[in-house]
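*Asks:* have a look at this prediction, sequence included:
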Amino acid sequence: MDTLRNMKIFAEVAESGSFTAAARRLDRTTVYVSRSVAELETHLRTRLLNRTTRRLALTPAGERYLQRCQQILDAIALAEVEASGVHAKPVGSLRVHALAGLGQRYLIPAIADYQERYPSVTVDLTLSQNVPDLIEEGYDVALRVVPESLPDSAYISHRLGTLSLVLCASPRYLEKHGMPRKIEDLEHHTCLQVGCPPLSPDHWLLEGANGRREFKLPDGRFKVNVPDAMAVAVQAGMGIGALPLFTIQSILRSGALVRVLPEYQLQPLNVFAIYASRQFLDAKIKTWITFLRERFAETTGVEDVGIQGVSKQREFEQASVAEAPPLKLVS
């Protein structure tokens, strides 16, 4: 027996005062309506209506049951409105997962602006180097960073944009060791390694006007498994490291870091937003992904920083010629 259906029919009969009127409102036959109420009474083992040939009347048990039915049906109607409303208005908790560096440097400022636009959304952000199972761990959206494309999966993905990585060093390191003039010069420098995906721990793929060049990283004095820690190591003068451009633009402009080989960038990394299903997409997920795509599109400043990097490179080249013997180049 469909109890909820029979409750709705009983409430309609009680409100309209007859089986015939209720059947007309519900677009059912009178026999169907009468049978549904009788089925409900049999289930409850209680008479809900006193029937005569001229009218219907609620029994005392029927009056009490009708009040409960109306409360239940109102609650269901409200739940349906709230549930369907999430597809139109962003509300509720949004659970997001991202890599630590991407989250700290990029996502937290983005979340602040997103919540200013959508104040009814709360955000639960988890930062880790692990790749989560969205459904098992209950995430609405996860951000993945990969060199090319994502592996096939049942999840839905949207490409948000790309991250440009550049080689950097501190002025103190370059004053001591000189500025590399070409890729082969890196062999004479301390090259810092990141030992975690999506970055390769053993080589750099450098892209410039003349195409892509691969530089195999020698065994270095320092290796770290969190990319965001690389910025600290580079600023400390420990060597040359690969850093995401958008996270260090202000540091480059301040002069605390200098681009090395500014005519090159490392192979770009693609950033994807992943979520479980396209069907009945919650408004907070839809607006969050749209917001992130706009945010990535607004990321600028590459040209300015690149020009500054060339200028700084010339300064260190001139200093190295004047104050130190030339580097021994390996062809």
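*Replies:* That came through, no problem.
*Asks:* so residue 265 sits right up against residue 165, yeah?
*Replies:* Yes - between residue 265 and residue 165 there is a contact under Cβ atoms under 8 Å: 6.6 Å. The C-beta positions use only the backbone N, C-alpha and C, and glycine is treated the same way.
*Asks:* list the residues that contact both of these two?
*Replies:* Shared contacts of residue 265 and residue 165 (Cβ atoms under 8 Å, 6 or more residues apart in numbering): residue 245.
*Asks:* who has more neighbours, the two?
*Replies:* Shown here are residue 265 and residue 165; by other Cβ atoms under 10 Å, residue 165 has more neighbours (25 against 20).
*Asks:* ok, that one - contacts?
*Replies:* Residues near residue 165 by Cβ under 8 Å, 6+ apart: 199, 242, 243, 244, 245, 265, 266, 267, 268, 269.
*Asks:* just curious, which of those residues is nearest to residue 25?
*Replies:* residue 269 (60.5 Å; Cβ to Cβ).
*Asks:* show me the shaky parts of the stretch 101-250 of the chain.
*Replies:* By pLDDT under 70, the weakly predicted segments of the stretch 101-250 of the chain are 152, 196-198.
*Asks:* of the contacts of residue 165, closest to residue 74?
*Replies:* Proximity of the contacts of residue 165 to residue 74 was ranked by Cβ to Cβ; the top entry is residue 269 with 51.7 Å.
*Asks:* and the gap between the closest one and residue 217?
*Replies:* Noted for residue 269: a distance of 17 Å to residue 217, by Cβ to Cβ, to the nearest Å.
*Asks:* and residue 210, by the same measure?
*Replies:* Per Cβ to Cβ, residue 210 is found 21 Å from residue 217.
*Asks:* so which of those two has more stuff around it?
*Replies:* Between residue 210 and residue 217, residue 217 has the larger neighbour count (other Cβ under 10 Å), namely 17 against 8.
*Asks:* isn't that one right up against residue 206?
*Replies:* No - using Cβ under 8 Å, residue 217 makes no contact with residue 206, being 11.7 Å away.
*Asks:* tell me if I'm right that residue 18 and residue 56 touch.
*Replies:* Yes - contact criterion Cβ under 8 Å: residue 18 and residue 56 qualify, at 6.2 Å.
*Asks:* so those two - more neighbours on which side?
*Replies:* A direct count of neighbours by other Cβ under 10 Å for residue 18 and residue 56 places residue 56 higher, at 18 against 14.
*Asks:* what residue spans form the domains of this structure?
*Replies:* With domains defined by automatic domain parsing, the chain comprises 3-85, 92-163+270-297, 165-267+306-323.
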